[in-house]
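In: sequence first, predicted model second:
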Amino acid sequence: MRSIFILLSLLASTLPLLAQEQAEYMNQTTRDRINFANLNINNNATLFSIKGPAGTLLGTPYLDTTWQAGNVKFYNKVGMSLTTDSLAGVPVRLDLLANEVDVRANATSIKAVKVSAVRYVDMNNAYGSVSRFINVQEFQSEGQSLTGFFEQIVAGKLGLLLHPSVHIQKGNYNVAMNVGSKDDQLIKKMDWYVARGRQTVKFSPGKKTVLELMADKKEQMDTFLKDKKPDLKTREGLFATFAYYNTL
């Protein structure tokens, strides 16, 4: 019995060494095969890593990449003489990611102004009219922390606002499976808000929601929606609906 116990003890102490030697032999064998094909690796190399170009950031941070003629109203005086609080007739664009207003001074000079310094920006839009972008700090949004600007679509007792923003969607590349994309992407988001005075509330456009917001003129608005049939999922349809309500 004692001899059996001694034999088992020897086996127990020998097995880890055999396993280690086997693993080292397998690693060396793998290296030998790769080196035989003129691909040299060292002992610390990670096998089967997938080489390739790094991912990039796709998309644009600008609400509109085209420079538009605009007027910028600041909270404080600007310029060497500190006699004005605005710039008129300058090319501008909005950087949603950096929260800045880019102002093109000339062909080679671009000035970036933090949104926190700008009260509002009036600029041409793609609809052939002028949009006013008002600093969100001019309004109060319960339970939400917003940055940037509200685009004022309709002004009046019930205002219609659009809040543009951008966020980074990370790439979904899977190294082990070699699938997916390494590229991150800038995704624009447009959220609708309504304003009563300075108080704003986020809302999802739809007939039911609109009638609830305009409950004091429910009969007139119900008739308007049935007769005119505005598409409440579009900017044009919402503009027509809110503009009509503010005439009642």
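Out: Good, I have the coordinates. Numbers count the residues shown, from 1 in each chain.
In: tell me which element residue 221 falls in.
Out: If you go by DSSP states H and E, residue 221 is part of helix 218-228.
In: list the buried residues of that helix.
Out: By 16 or more other Cβ atoms under 10 Å, the buried positions in helix 218-228 come out as 221, 224-225. The C-beta positions use only the backbone N, C-alpha and C, and glycine is treated the same way.
In: centre-most residue in the chain?
Out: The centroid of the chain falls nearest to residue 167 when counting by Cα atoms, centre = their mean (1.5 Å).
In: pretty sure it is touching residue 191, no?
Out: No. Applying Cβ atoms under 8 Å as the test, residue 167 and residue 191 come out as separate, 12.0 Å apart.
In: dump the residue contacts of the closest residue to residue 144 other than its chain neighbours.
Out: Here the nearest residue to residue 144 in space, its sequence neighbours aside, is residue 202; by Cβ to Cβ, 6 or more residues apart in numbering that works out to 7.0 Å. Contact analysis of residue 202 by Cβ atoms under 8 Å, 6 or more residues apart in numbering lists 141, 144, 191-193.
In: which of these count as buried?
Out: Those of these that meet the buried threshold are 141, 192-193, by 16+ other Cβ under 10 Å.
In: so how far is residue 131 from residue 161?
Out: Taking Cβ to Cβ, to the nearest Å as the criterion, residue 161 is separated from residue 131 by 11 Å.
In: how about residue 68?
Out: For residue 68, the distance to residue 131 equals 9 Å [Cβ to Cβ].
In: ok, back up a step: tell me the mean pLDDT over the following helix or strand past the helix holding residue 221?
Out: Counting by DSSP H and E, the element after helix 218-228 in chain order, helix or strand, is helix 235-245. Taken as a whole, helix 235-245 has a mean pLDDT of 97.
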